[in-house]
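structure, please.
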Amino acid sequence: MPGQRKRGRARERAAARRPAAGKELGTALGAELGTELGAGRWEVVLETEDRARLRDRLRELGAGGAGFDPAAVRVDTLCGRLARPTVHRLSVFVPEDAGGRAATA
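Have a look, this model is predicted:
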């Protein structure tokens, strides 16, 4: 069948990009991007309805210095309906220290 090989390769690439079952999402995502997030938690930095404000804050984080890791940033879009507007939430990953407590940002 024409195109079958191409579709099969596309499925294999998509399966390789998906996190492995049974792994913590942060660890699987970090392994996929070449970084290991390890144990920790996601801390909300900004929650806004304004996309321009979200973009500005992302630029500030990126320009903040050499310690910026794009794999440790997450943007969630909470879709609104009639009664509630759409909200964008920016979170950063805060790793735990050796004692099991989240390090201060």
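
tell me the helices and strands packed up against the helix or strand containing R59.
Secondary structure from DSSP states H and E places R59 in helix 51-63. Applying 3 or more Cβ pairs under 8 Å, 6 or more residues apart in numbering; DSSP states H and E, one finds that helix 51-63 contacts strand 40-48, strand 73-78, strand 87-95. Using the backbone N, CA and C atoms, a C-beta is placed for each residue, glycine as well.

now that helix, how far from the chain's geometric center?
Offset of helix 51-63 from its chain centre (Cα atoms, centre = their mean, to the nearest Å): 15 Å.

compute the inter-axis angle for it and strand 40-48.
Taking axes from the mean of the first three to the mean of the last three Cα atoms, to 10 degrees, one finds that helix 51-63 is oriented at 140 degrees with respect to strand 40-48.

what lies in contact with helix 51-63?
With contacts defined as Cβ atoms under 8 Å, 6 or more residues apart in numbering, helix 51-63 is touched by 45-46, 48, 68, 70, 73, 75, 88, 90, 92.
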